[in-house]
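>>> Sequence and predicted structure, then a few things I'm wondering about:
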Amino acid sequence: MYACRSATAVGAGTLLAPTRARAARAGTPIGELRRTVASAGGVVLTPDDAGFALARRDFNLRIDVTPKAIVRCRSSRAVERAVTWAVTNDVPVHVRAGGHSYEGTSLGEGLVIDVEPLDGIAIDELTRTARIGAGARLGACYAASTARGLAPVAGRCGSVGIAGLTLGGGHGFLVRAFGLACDQLRSVRLVDARGKQITASEKENAELFWALRGAGCSGFGVVTELEVALHPVTRVVTWSLAWPPREAGRVLHAWQALVPHLPDGAGIFLQLDAAAGRGVVSTSCQGVYIPLRADEKPTADTVRALLRPLVGAVPPVAQTVREELFRATVPIGGKAPDPVRFKGKSDILTTLLDPGAIDAVIDALQHLETGPVAMMLDGYGGAIARVGADATAFAHRDALACVQWYTQWRSPHETDARLAMMRSLHARVHPHFSGGANVNYCDADLADGPRAYFGAHLERLEGLKKAVDPGNRFRSGTIGITRAT
(Lines give C-alpha, C1' and ligand atoms only; values in the text may rest on other atoms or scores of the structure.)
Protein backbone atom coordinates (compact mmCIF):
# COMPACT_ATOMS: atom_id res chain seq x y z
CA MET A 1 0.00 0.00 0.00
CA TYR A 2 2.80 2.41 0.81
CA ALA A 3 6.06 2.96 -0.98
CA CYS A 4 8.36 0.27 0.34
CA ARG A 5 11.45 1.99 1.66
CA SER A 6 13.29 -1.31 1.92
CA ALA A 7 12.40 -2.52 -1.57
CA THR A 8 15.12 -2.18 -4.20
CA ALA A 9 15.20 -3.56 -7.69
CA VAL A 10 17.16 -6.72 -8.42
CA GLY A 11 20.85 -5.94 -8.36
CA ALA A 12 20.45 -2.46 -6.83
CA GLY A 13 22.23 -3.43 -3.62
CA THR A 14 25.26 -4.51 -5.64
CA LEU A 15 25.16 -1.47 -7.91
CA LEU A 16 25.25 0.89 -4.99
CA ALA A 17 27.41 -1.09 -2.55
CA PRO A 18 28.67 1.64 -0.17
CA THR A 19 32.26 0.55 0.16
CA ARG A 20 34.89 3.23 -0.25
CA ALA A 21 37.07 1.16 -2.55
CA ARG A 22 34.24 0.24 -4.91
CA ALA A 23 32.80 3.75 -5.05
CA ALA A 24 36.24 5.13 -5.82
CA ARG A 25 36.69 2.98 -8.91
CA ALA A 26 35.83 5.06 -11.94
CA GLY A 27 34.25 2.14 -13.78
CA THR A 28 31.58 1.36 -11.19
CA PRO A 29 27.97 2.49 -11.62
CA ILE A 30 28.28 4.89 -8.69
CA GLY A 31 31.35 6.38 -10.33
CA GLU A 32 29.36 6.82 -13.54
CA LEU A 33 26.64 8.57 -11.57
CA ARG A 34 29.13 10.99 -10.04
CA ARG A 35 30.52 11.85 -13.45
CA THR A 36 27.23 12.23 -15.26
CA VAL A 37 25.68 14.61 -12.75
CA ALA A 38 28.78 16.62 -11.87
CA SER A 39 28.83 18.66 -15.08
CA ALA A 40 25.14 19.49 -14.59
CA GLY A 41 25.50 20.81 -11.06
CA GLY A 42 24.77 17.59 -9.22
CA VAL A 43 26.64 16.23 -6.21
CA VAL A 44 26.51 12.55 -5.22
CA LEU A 45 26.78 11.59 -1.56
CA THR A 46 27.19 8.01 -0.35
CA PRO A 47 27.48 6.78 3.26
CA ASP A 48 31.27 7.12 3.05
CA ASP A 49 31.12 10.80 2.09
CA ALA A 50 31.34 13.76 4.43
CA GLY A 51 27.97 15.46 4.60
CA PHE A 52 25.97 12.30 3.93
CA ALA A 53 24.68 11.97 7.50
CA LEU A 54 23.31 15.51 7.46
CA ALA A 55 21.88 15.14 3.96
CA ARG A 56 19.95 11.99 4.86
CA ARG A 57 18.53 13.33 8.13
CA ASP A 58 14.77 13.63 7.99
CA PHE A 59 12.84 16.38 9.77
CA ASN A 60 11.06 13.54 11.58
CA LEU A 61 13.84 11.93 13.60
CA ARG A 62 11.91 8.69 14.10
CA ILE A 63 12.55 7.99 10.41
CA ASP A 64 15.86 6.14 10.17
CA VAL A 65 16.51 5.13 6.56
CA THR A 66 19.92 5.00 4.89
CA PRO A 67 19.87 5.49 1.11
CA LYS A 68 22.67 3.99 -0.92
CA ALA A 69 23.20 7.39 -2.53
CA ILE A 70 21.77 10.91 -2.51
CA VAL A 71 22.05 13.21 -5.52
CA ARG A 72 21.70 16.87 -4.63
CA CYS A 73 20.61 18.58 -7.83
CA ARG A 74 21.27 22.22 -8.60
CA SER A 75 19.70 22.05 -12.07
CA SER A 76 16.91 20.20 -13.82
CA ARG A 77 19.56 18.78 -16.12
CA ALA A 78 21.16 17.05 -13.14
CA VAL A 79 17.76 15.56 -12.30
CA GLU A 80 17.46 14.25 -15.87
CA ARG A 81 20.83 12.57 -15.66
CA ALA A 82 20.14 11.04 -12.26
CA VAL A 83 16.84 9.55 -13.46
CA THR A 84 18.44 8.26 -16.65
CA TRP A 85 21.16 6.59 -14.59
CA ALA A 86 18.54 5.00 -12.33
CA VAL A 87 16.66 3.65 -15.35
CA THR A 88 19.83 2.25 -16.92
CA ASN A 89 20.86 0.54 -13.69
CA ASP A 90 17.33 -0.46 -12.61
CA VAL A 91 17.48 1.40 -9.30
CA PRO A 92 14.37 2.69 -7.47
CA VAL A 93 14.13 6.44 -6.93
CA HIS A 94 12.83 8.50 -4.04
CA VAL A 95 12.39 12.25 -4.43
CA ARG A 96 13.11 14.76 -1.72
CA ALA A 97 12.46 18.49 -1.49
CA GLY A 98 11.44 19.86 1.91
CA GLY A 99 12.00 16.59 3.77
CA HIS A 100 8.85 17.04 5.89
CA SER A 101 7.02 13.85 4.87
CA TYR A 102 5.19 12.56 7.94
CA GLU A 103 6.32 9.00 7.22
CA GLY A 104 9.68 9.75 5.60
CA THR A 105 8.51 8.71 2.14
CA SER A 106 11.06 11.01 0.52
CA LEU A 107 13.80 8.66 1.71
CA GLY A 108 14.47 5.11 0.58
CA GLU A 109 17.24 2.56 0.33
CA GLY A 110 17.84 3.11 -3.38
CA LEU A 111 18.68 6.48 -4.96
CA VAL A 112 17.35 9.71 -3.41
CA ILE A 113 17.10 12.66 -5.80
CA ASP A 114 17.19 15.77 -3.62
CA VAL A 115 15.90 18.93 -5.34
CA GLU A 116 16.26 21.19 -2.29
CA PRO A 117 18.97 23.28 -4.06
CA LEU A 118 16.39 24.18 -6.75
CA ASP A 119 14.97 26.98 -4.62
CA GLY A 120 14.74 29.93 -7.01
CA ILE A 121 11.66 32.20 -6.91
CA ALA A 122 10.71 34.56 -9.77
CA ILE A 123 7.68 36.84 -9.29
CA ASP A 124 5.75 38.28 -12.25
CA GLU A 125 3.74 41.15 -10.84
CA LEU A 126 1.94 41.78 -14.12
CA THR A 127 0.47 38.28 -14.38
CA ARG A 128 0.41 37.75 -10.61
CA THR A 129 2.23 34.46 -10.90
CA ALA A 130 5.43 32.99 -9.53
CA ARG A 131 7.83 30.39 -10.87
CA ILE A 132 9.08 28.53 -7.86
CA GLY A 133 11.80 25.92 -7.68
CA ALA A 134 10.72 22.65 -6.10
CA GLY A 135 13.18 23.10 -3.24
CA ALA A 136 11.84 26.47 -2.07
CA ARG A 137 10.39 26.78 1.45
CA LEU A 138 7.19 28.55 2.45
CA GLY A 139 9.05 31.26 4.36
CA ALA A 140 11.03 32.27 1.29
CA CYS A 141 7.91 32.22 -0.91
CA TYR A 142 6.04 34.46 1.52
CA ALA A 143 9.00 36.84 1.73
CA ALA A 144 9.34 37.22 -2.04
CA SER A 145 5.64 37.66 -2.75
CA THR A 146 4.41 39.73 0.20
CA ALA A 147 7.15 42.28 -0.47
CA ARG A 148 5.15 43.02 -3.63
CA GLY A 149 1.72 43.02 -2.02
CA LEU A 150 0.99 39.51 -3.29
CA ALA A 151 0.59 36.17 -1.55
CA PRO A 152 0.73 32.47 -2.40
CA VAL A 153 -1.76 30.06 -0.91
CA ALA A 154 0.36 28.15 1.58
CA GLY A 155 0.56 27.02 5.18
CA ARG A 156 1.77 28.31 8.52
CA CYS A 157 5.15 26.56 8.88
CA GLY A 158 7.90 28.47 7.11
CA SER A 159 10.30 25.53 6.81
CA VAL A 160 7.88 23.29 4.89
CA GLY A 161 8.65 22.79 1.19
CA ILE A 162 6.25 24.55 -1.18
CA ALA A 163 6.26 21.65 -3.64
CA GLY A 164 5.15 18.91 -1.27
CA LEU A 165 2.50 21.09 0.35
CA THR A 166 1.07 22.21 -3.00
CA LEU A 167 1.10 18.87 -4.80
CA GLY A 168 -0.77 17.16 -1.95
CA GLY A 169 -3.53 19.77 -1.79
CA GLY A 170 -2.20 22.32 0.67
CA HIS A 171 -4.15 24.50 3.07
CA GLY A 172 -3.70 27.61 5.20
CA PHE A 173 -5.61 30.77 6.05
CA LEU A 174 -6.19 31.76 2.41
CA VAL A 175 -7.91 28.61 1.15
CA ARG A 176 -11.50 29.64 1.78
CA ALA A 177 -10.80 32.84 -0.16
CA PHE A 178 -8.86 31.44 -3.12
CA GLY A 179 -8.94 27.63 -3.00
CA LEU A 180 -6.31 25.07 -2.06
CA ALA A 181 -2.64 25.48 -2.88
CA CYS A 182 -3.01 22.87 -5.66
CA ASP A 183 -5.78 24.99 -7.20
CA GLN A 184 -3.25 27.77 -7.77
CA LEU A 185 -1.06 25.64 -10.06
CA ARG A 186 -0.76 26.94 -13.61
CA SER A 187 1.92 24.54 -14.80
CA VAL A 188 4.45 22.06 -13.45
CA ARG A 189 7.88 21.18 -14.81
CA LEU A 190 9.06 17.66 -14.04
CA VAL A 191 11.39 14.89 -15.16
CA ASP A 192 9.50 11.77 -16.13
CA ALA A 193 10.38 8.08 -15.85
CA ARG A 194 12.29 8.25 -19.16
CA GLY A 195 14.57 10.96 -17.78
CA LYS A 196 12.96 13.64 -19.96
CA GLN A 197 11.84 17.10 -18.88
CA ILE A 198 8.17 17.73 -19.59
CA THR A 199 5.54 20.33 -18.72
CA ALA A 200 2.12 19.53 -17.33
CA SER A 201 -0.66 22.11 -17.63
CA GLU A 202 -4.22 22.43 -18.84
CA LYS A 203 -2.85 22.32 -22.42
CA GLU A 204 0.06 19.87 -22.09
CA ASN A 205 -0.14 16.47 -20.44
CA ALA A 206 -3.53 17.45 -19.05
CA GLU A 207 -4.22 14.12 -17.35
CA LEU A 208 -0.92 14.30 -15.49
CA PHE A 209 -1.71 17.90 -14.54
CA TRP A 210 -5.03 16.71 -13.11
CA ALA A 211 -3.17 14.22 -10.90
CA LEU A 212 -0.49 16.68 -9.80
CA ARG A 213 -3.21 18.88 -8.29
CA GLY A 214 -3.81 16.88 -5.15
CA ALA A 215 -1.91 13.62 -5.73
CA GLY A 216 1.34 14.99 -7.13
CA CYS A 217 3.29 13.64 -4.17
CA SER A 218 2.49 10.12 -5.35
CA GLY A 219 5.31 9.10 -7.64
CA PHE A 220 4.59 10.48 -11.13
CA GLY A 221 8.00 12.06 -11.67
CA VAL A 222 10.55 14.47 -10.19
CA VAL A 223 8.97 17.92 -10.00
CA THR A 224 11.53 20.68 -10.52
CA GLU A 225 9.43 23.84 -10.84
CA LEU A 226 5.92 25.10 -10.13
CA GLU A 227 4.11 28.02 -11.70
CA VAL A 228 1.47 29.26 -9.27
CA ALA A 229 -1.07 32.07 -9.08
CA LEU A 230 -0.52 34.80 -6.51
CA HIS A 231 -3.19 37.01 -5.00
CA PRO A 232 -3.23 40.67 -3.96
CA VAL A 233 -3.38 40.59 -0.17
CA THR A 234 -2.16 43.51 1.90
CA ARG A 235 -4.28 44.63 4.86
CA VAL A 236 -6.16 41.94 6.79
CA VAL A 237 -7.86 41.47 10.14
CA THR A 238 -6.57 38.71 12.40
CA TRP A 239 -8.06 37.24 15.53
CA SER A 240 -7.09 35.01 18.41
CA LEU A 241 -9.54 33.57 20.95
CA ALA A 242 -8.95 31.36 23.99
CA TRP A 243 -11.26 29.48 26.33
CA PRO A 244 -10.91 27.52 29.57
CA PRO A 245 -10.19 23.81 28.99
CA ARG A 246 -13.59 22.82 30.41
CA GLU A 247 -15.30 24.56 27.47
CA ALA A 248 -13.58 22.45 24.78
CA GLY A 249 -16.70 20.49 23.83
CA ARG A 250 -18.94 23.54 23.62
CA VAL A 251 -16.34 25.43 21.59
CA LEU A 252 -15.96 22.54 19.11
CA HIS A 253 -19.75 22.42 18.72
CA ALA A 254 -20.05 26.19 18.10
CA TRP A 255 -16.95 26.36 15.87
CA GLN A 256 -18.11 23.66 13.45
CA ALA A 257 -21.53 25.33 13.23
CA LEU A 258 -19.94 28.70 12.39
CA VAL A 259 -17.59 27.59 9.59
CA PRO A 260 -20.22 26.95 6.86
CA HIS A 261 -21.69 30.43 7.38
CA LEU A 262 -18.49 32.45 7.22
CA PRO A 263 -17.79 34.59 4.14
CA ASP A 264 -15.09 33.24 1.84
CA GLY A 265 -12.55 35.78 3.03
CA ALA A 266 -12.48 34.30 6.52
CA GLY A 267 -9.82 31.64 7.10
CA ILE A 268 -10.27 29.89 10.43
CA PHE A 269 -8.37 27.39 12.58
CA LEU A 270 -9.21 25.66 15.88
CA GLN A 271 -6.78 23.87 18.21
CA LEU A 272 -7.43 21.70 21.26
CA ASP A 273 -4.35 20.69 23.26
CA ALA A 274 -4.45 17.73 25.64
CA ALA A 275 -1.97 15.93 27.87
CA ALA A 276 -1.92 12.54 29.58
CA GLY A 277 -3.23 12.77 33.13
CA ARG A 278 -4.56 16.29 32.59
CA GLY A 279 -7.01 16.00 29.72
CA VAL A 280 -7.70 19.08 27.59
CA VAL A 281 -5.37 21.87 28.72
CA SER A 282 -6.15 24.64 26.20
CA THR A 283 -8.63 25.58 23.49
CA SER A 284 -7.94 28.35 21.00
CA CYS A 285 -9.10 29.72 17.64
CA GLN A 286 -7.12 31.82 15.18
CA GLY A 287 -8.09 33.33 11.87
CA VAL A 288 -7.44 35.84 9.13
CA TYR A 289 -10.06 37.87 7.26
CA ILE A 290 -9.03 38.85 3.74
CA PRO A 291 -11.02 41.44 1.76
CA LEU A 292 -12.08 40.02 -1.61
CA ARG A 293 -13.36 43.25 -3.16
CA ALA A 294 -11.12 46.13 -4.10
CA ASP A 295 -13.43 48.60 -2.35
CA GLU A 296 -13.69 46.57 0.86
CA LYS A 297 -11.82 47.88 3.89
CA PRO A 298 -11.95 45.22 6.60
CA THR A 299 -12.20 46.43 10.17
CA ALA A 300 -11.97 44.81 13.55
CA ASP A 301 -15.68 45.51 14.05
CA THR A 302 -16.47 43.60 10.84
CA VAL A 303 -14.68 40.52 12.18
CA ARG A 304 -16.20 40.78 15.63
CA ALA A 305 -19.60 40.61 13.98
CA LEU A 306 -18.56 37.50 11.99
CA LEU A 307 -17.39 35.79 15.16
CA ARG A 308 -20.46 36.68 17.24
CA PRO A 309 -22.11 33.24 16.90
CA LEU A 310 -18.98 31.59 18.33
CA VAL A 311 -18.11 34.21 20.94
CA GLY A 312 -21.73 34.57 22.00
CA ALA A 313 -22.20 30.82 22.41
CA VAL A 314 -19.03 30.36 24.47
CA PRO A 315 -17.49 33.62 25.76
CA PRO A 316 -13.67 33.45 25.54
CA VAL A 317 -11.40 34.39 28.42
CA ALA A 318 -9.00 36.11 26.01
CA GLN A 319 -9.78 37.81 22.71
CA THR A 320 -7.64 39.79 20.29
CA VAL A 321 -8.88 41.23 16.99
CA ARG A 322 -6.33 43.28 15.08
CA GLU A 323 -6.07 45.11 11.75
CA GLU A 324 -2.62 44.56 10.28
CA LEU A 325 -0.55 43.82 7.20
CA PHE A 326 -0.76 40.28 5.90
CA ARG A 327 3.05 40.15 5.71
CA ALA A 328 3.16 40.40 9.51
CA THR A 329 0.97 37.32 9.93
CA VAL A 330 2.99 34.73 7.98
CA PRO A 331 6.35 33.02 8.58
CA ILE A 332 9.04 34.81 6.58
CA GLY A 333 12.51 33.30 6.28
CA GLY A 334 14.18 32.49 9.57
CA LYS A 335 15.96 29.41 10.82
CA ALA A 336 14.23 26.09 10.31
CA PRO A 337 13.16 24.44 13.57
CA ASP A 338 15.28 21.58 14.84
CA PRO A 339 14.12 18.13 13.74
CA VAL A 340 11.89 16.27 16.18
CA ARG A 341 10.26 12.88 16.54
CA PHE A 342 6.60 13.10 15.72
CA LYS A 343 3.52 11.24 14.58
CA GLY A 344 0.50 12.67 12.83
CA LYS A 345 -2.90 11.33 11.81
CA SER A 346 -5.83 12.98 10.11
CA ASP A 347 -9.56 12.91 9.56
CA ILE A 348 -11.93 14.71 7.21
CA LEU A 349 -15.02 16.31 8.72
CA THR A 350 -17.87 16.45 6.19
CA THR A 351 -20.94 16.72 8.44
CA LEU A 352 -21.43 18.36 11.81
CA LEU A 353 -20.45 16.19 14.75
CA ASP A 354 -23.49 15.39 16.87
CA PRO A 355 -23.32 15.87 20.66
CA GLY A 356 -22.47 12.21 21.23
CA ALA A 357 -19.57 12.35 18.78
CA ILE A 358 -18.23 15.53 20.37
CA ASP A 359 -18.42 13.89 23.79
CA ALA A 360 -16.50 10.89 22.43
CA VAL A 361 -13.76 13.10 20.95
CA ILE A 362 -13.33 15.10 24.14
CA ASP A 363 -13.36 11.91 26.23
CA ALA A 364 -10.61 10.43 24.04
CA LEU A 365 -8.49 13.55 24.60
CA GLN A 366 -9.22 13.39 28.33
CA HIS A 367 -7.86 9.84 28.61
CA LEU A 368 -4.55 9.79 26.75
CA GLU A 369 -2.16 7.05 27.82
CA THR A 370 0.94 9.18 27.43
CA GLY A 371 2.29 12.46 26.10
CA PRO A 372 0.63 15.60 24.75
CA VAL A 373 -1.61 15.65 21.66
CA ALA A 374 -2.93 18.52 19.58
CA MET A 375 -6.21 18.30 17.68
CA MET A 376 -6.03 20.91 14.90
CA LEU A 377 -8.93 21.77 12.59
CA ASP A 378 -8.54 23.86 9.41
CA GLY A 379 -11.84 25.24 8.18
CA TYR A 380 -12.72 24.32 4.60
CA GLY A 381 -15.60 25.40 2.36
CA GLY A 382 -15.66 28.66 0.43
CA ALA A 383 -13.53 28.57 -2.73
CA ILE A 384 -12.43 24.99 -2.04
CA ALA A 385 -15.97 23.70 -2.49
CA ARG A 386 -16.58 25.67 -5.70
CA VAL A 387 -14.04 23.58 -7.62
CA GLY A 388 -15.67 20.53 -9.20
CA ALA A 389 -15.26 17.23 -7.38
CA ASP A 390 -13.52 15.69 -10.41
CA ALA A 391 -11.65 18.78 -11.59
CA THR A 392 -8.49 17.79 -9.71
CA ALA A 393 -7.20 14.73 -7.88
CA PHE A 394 -8.00 16.31 -4.51
CA ALA A 395 -10.90 14.24 -3.19
CA HIS A 396 -12.32 16.20 -0.25
CA ARG A 397 -14.08 19.17 -1.83
CA ASP A 398 -17.13 18.60 0.36
CA ALA A 399 -15.18 18.84 3.62
CA LEU A 400 -16.19 21.17 6.40
CA ALA A 401 -12.74 20.86 7.96
CA CYS A 402 -9.51 18.89 7.85
CA VAL A 403 -8.51 17.49 11.24
CA GLN A 404 -4.95 16.71 12.26
CA TRP A 405 -3.94 14.76 15.37
CA TYR A 406 -0.31 15.42 16.27
CA THR A 407 2.23 14.53 18.95
CA GLN A 408 6.01 15.01 19.19
CA TRP A 409 8.72 13.88 21.57
CA ARG A 410 12.49 13.93 22.06
CA SER A 411 13.72 10.61 23.39
CA PRO A 412 13.76 7.55 21.10
CA HIS A 413 12.77 5.52 24.15
CA GLU A 414 9.33 7.15 24.03
CA THR A 415 8.63 6.16 20.43
CA ASP A 416 6.78 2.89 20.93
CA ALA A 417 4.52 4.31 23.64
CA ARG A 418 3.71 7.42 21.61
CA LEU A 419 2.85 5.44 18.50
CA ALA A 420 0.65 3.09 20.53
CA MET A 421 -1.11 6.06 22.11
CA MET A 422 -1.83 7.66 18.74
CA ARG A 423 -3.21 4.40 17.36
CA SER A 424 -5.45 4.05 20.40
CA LEU A 425 -6.65 7.65 20.14
CA HIS A 426 -7.39 7.39 16.43
CA ALA A 427 -9.28 4.13 16.88
CA ARG A 428 -11.61 5.94 19.28
CA VAL A 429 -12.18 9.13 17.25
CA HIS A 430 -11.94 7.99 13.62
CA PRO A 431 -15.42 6.34 13.47
CA HIS A 432 -17.01 9.75 14.13
CA PHE A 433 -15.57 11.28 10.95
CA SER A 434 -15.99 10.58 7.23
CA GLY A 435 -13.25 7.94 6.84
CA GLY A 436 -11.19 10.25 4.63
CA ALA A 437 -7.64 11.41 5.35
CA ASN A 438 -5.21 14.09 4.16
CA VAL A 439 -2.29 12.75 2.11
CA ASN A 440 -0.08 15.59 3.35
CA TYR A 441 -0.47 14.05 6.82
CA CYS A 442 0.34 10.60 5.50
CA ASP A 443 -0.10 7.79 7.99
CA ALA A 444 1.43 4.34 7.57
CA ASP A 445 -1.07 2.86 10.03
CA LEU A 446 -4.12 3.39 7.82
CA ALA A 447 -5.66 0.10 6.72
CA ASP A 448 -6.72 1.59 3.38
CA GLY A 449 -4.73 4.79 3.06
CA PRO A 450 -5.06 5.10 -0.72
CA ARG A 451 -8.85 5.08 -0.56
CA ALA A 452 -8.88 7.43 2.44
CA TYR A 453 -6.66 9.94 0.62
CA PHE A 454 -8.21 9.81 -2.83
CA GLY A 455 -11.63 8.19 -2.64
CA ALA A 456 -13.22 7.62 -6.03
CA HIS A 457 -10.15 9.05 -7.80
CA LEU A 458 -7.94 6.15 -6.80
CA GLU A 459 -8.52 3.94 -9.86
CA ARG A 460 -7.88 6.84 -12.22
CA LEU A 461 -4.62 7.59 -10.41
CA GLU A 462 -3.57 3.95 -10.54
CA GLY A 463 -4.14 3.90 -14.29
CA LEU A 464 -2.10 7.06 -14.78
CA LYS A 465 0.76 5.73 -12.66
CA LYS A 466 0.99 2.61 -14.84
CA ALA A 467 0.97 4.76 -17.98
CA VAL A 468 3.63 7.30 -16.98
CA ASP A 469 5.84 5.09 -14.81
CA PRO A 470 5.29 1.48 -15.95
CA GLY A 471 8.44 0.29 -14.22
CA ASN A 472 7.43 1.90 -10.92
CA ARG A 473 10.70 3.84 -10.89
CA PHE A 474 9.45 6.50 -8.49
CA ARG A 475 8.73 5.23 -4.98
CA SER A 476 8.20 8.51 -3.09
CA GLY A 477 4.43 8.28 -2.89
CA THR A 478 2.35 7.17 0.06
CA ILE A 479 -0.48 5.45 -1.79
CA GLY A 480 -1.13 2.11 -3.43
CA ILE A 481 -0.22 3.22 -6.94
CA THR A 482 3.45 3.23 -5.92
CA ARG A 483 3.70 -0.33 -4.69
CA ALA A 484 6.91 -2.12 -5.58
CA THR A 485 6.42 -4.21 -8.72
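Received it, and whenever you're ready, just let me know what you need.
>>> Could you look up the SS state of the residue nearest to F269 when sequence neighbours are not counted?
Computed as Cβ to Cβ, 6 or more residues apart in numbering, the closest residue to F269 that is not its neighbour in sequence is Q286, at 5.0 Å. Where C-beta positions appear, they are placed from N, C-alpha and C, glycine not excepted. On the three-state scheme (DSSP: H, G, I helix; E, B strand; the rest coil), Q286 is labelled strand.
>>> what bridges to Q286?
S240, F269 (DSSP bridges).
>>> Tell me if I'm right that it and W255 touch.
No: applying Cβ atoms under 8 Å as the test, Q286 and W255 come out as separate, 11.5 Å apart.
>>> shared neighbours, those two?
Contact criterion Cβ atoms under 8 Å, 6 or more residues apart in numbering; residues bridging Q286 and W255 by contacting each: I268.
>>> These two - which one has more neighbours?
W255 (23 against 18; other Cβ atoms under 10 Å).
>>> Give me the phi and psi for the more buried one.
Dihedral angles of W255 (phi, psi; degrees, to the nearest 10) stand at phi -60, psi -50.
>>> roughly how far apart are it and L352?
10 Å (Cβ to Cβ, to the nearest Å).
>>> same check, this time on A254
A254 is 11 Å from L352, by Cβ to Cβ.
>>> so the residue lying closest to G42 once chain neighbours are set aside, which of the three states?
Nearest residue to G42 in three dimensions, chain neighbours excluded: A78, at 3.3 Å (Cβ to Cβ, 6+ apart). Secondary structure state of A78, per three-state DSSP, is helix.
>>> Tell me how many other residues surround A78.
27.
>>> Do I have it right that it meets R35?
No: counting by Cβ under 8 Å, A78 does not reach R35; the two are 12.0 Å apart.
>>> So which of A254 and L352 has more stuff around it?
The neighbour comparison of A254 against L352 (other Cβ under 10 Å) goes to A254, with 19 against 13.
>>> Please tell me how far the closest residue to that one other than its chain neighbours sits from L377.
Leaving aside its chain neighbours, A254 sits nearest to A313 (4.0 Å; criterion: Cβ to Cβ, 6+ apart). Look at A313 and L377: by Cβ to Cβ, they are 16 Å apart.
>>> L419 is in contact with K343, isn't it?
Yes: with contact defined as Cβ under 8 Å, L419 reaches K343; the gap is 5.9 Å.
>>> Which neighbours do those two have in common?
Common neighbours of L419 and K343 (Cβ under 8 Å, 6+ apart) do not exist.
>>> Quick check on these two: which one has the bigger neighbour count.
Taking other Cβ under 10 Å, L419 and K343 do not tie; K343 has more neighbours (25 against 16).
>>> After the helix or strand harbouring D416, which helix or strand is next? Please name it.
Assigned by DSSP states H and E, D416 belongs to helix 415-429. Next along the chain after helix 415-429, taking DSSP H and E as the criterion, comes helix 449-454.
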